[in-house]
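Novice: sequence plus predicted model, see below.
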Amino acid sequence: MDDFAEFVAARGPALWRAAWLLTGDRALADDLLQTALTRSWPHFVRVSRAGSFEAYVRRVLFTTYAGWRGRRWHGEVPTGELPDVGQHDEATDPDLLRALDGLSPRQRAVVVLRYFEDLTEVETAAAMGCSVGSVKSHHSRALAALRSSPLLVETTLAEEAR
């Protein structure tokens, strides 16, 4: 139990960031990570002995997200207060998050794993439970969609004008 708590304390923020990049919503990211950790915890000892528990949790995180994406409503949620926005980071850019929303769940997972989690194609395939060829295919389609997204084209043009 202590080892699991240490794992969550050490790797929790990085895992939450991946969950947030996938969902684009802080509350859903909390729910997604909590669900992934809850599903992974019973296997902690066995998986830790056999390999990387973090890779296992990431796979559970991404497969859970893919399952949720088709069932949950992703509209606006009214709130009484505006959220506190921290320092600007490319991962918190609202245009980027809206552009990522236009991708399929597997394409979005590939982009998050490859560019924000800095995983290799092989590590991404292992995290998603698919082949490297599938990762390459989803990656290619995701980049084509992002390159043609008017949300990102306008941002790129504005940055070039500076």
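Specialist: That came through fine.
Novice: which residues in this structure form strands?
Specialist: For the chain, strands defined by DSSP state E do not occur.
Novice: could you pull out the helices for it?
Specialist: Using DSSP state H, the helices of the chain run over 2-23, 26-40, 44-50, 53-69, 94-101, 105-111, 121-128, 132-147, 150-161.
Novice: pick the most deeply packed of those.
Specialist: Comparing the helices of the chain by mean neighbour count (mean count of other CB atoms under 10 Å), helix 105-111 comes out on top with a mean of 24. For glycine as for every other residue, the C-beta is placed from the backbone atoms N, C-alpha and C.
Novice: and it, what other elements does it pack with?
Specialist: The elements that helix 105-111 packs onto, with contact taken as 3 or more CB pairs under 8 Å, 6 or more residues apart in numbering; DSSP states H and E, are helix 53-69, helix 94-101, helix 121-128, helix 132-147.
Novice: any chance of CSV for the helices of the chain, columns mean pLDDT?
Specialist: Below are these laid out as CSV (pLDDT from 0 to 100):
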stretch, mean pLDDT
helix 2-23, 90
helix 26-40, 92
helix 44-50, 89
helix 53-69, 87
helix 94-101, 81
helix 105-111, 90
helix 121-128, 89
helix 132-147, 92
helix 150-161, 58
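Novice: turn the helices and strands packed on helix 105-111 into JSON lines, columns for distance to Phe7.
Specialist: Output for these, formatted as JSON lines (distance: least, CB to CB, whole Å):
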{"stretch": "helix 53-69", "distance to Phe7": "6"}
{"stretch": "helix 94-101", "distance to Phe7": "27"}
{"stretch": "helix 121-128", "distance to Phe7": "16"}
{"stretch": "helix 132-147", "distance to Phe7": "26"}
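Novice: Leu21 is nearest to which of these?
Specialist: Between Leu21 and the helices and strands packed on helix 105-111, the shortest separation by CB to CB is 7.3 Å, and it involves helix 94-101.
Novice: got the CA positions of the closest one in CSV?
Specialist: This file holds the C-alpha atoms of helix 94-101, laid out as CSV (Å, rounded to 0.1, in the frame of the first residue of the first chain):
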residue,chain,number,x,y,z
PRO,A,94,-7.7,26.6,-25.7
ASP,A,95,-7.3,26.5,-29.5
LEU,A,96,-5.1,23.4,-29.2
LEU,A,97,-7.6,21.7,-26.9
ARG,A,98,-10.5,22.5,-29.3
ALA,A,99,-8.4,21.2,-32.2
LEU,A,100,-7.6,18.0,-30.3
ASP,A,101,-11.4,17.6,-29.7
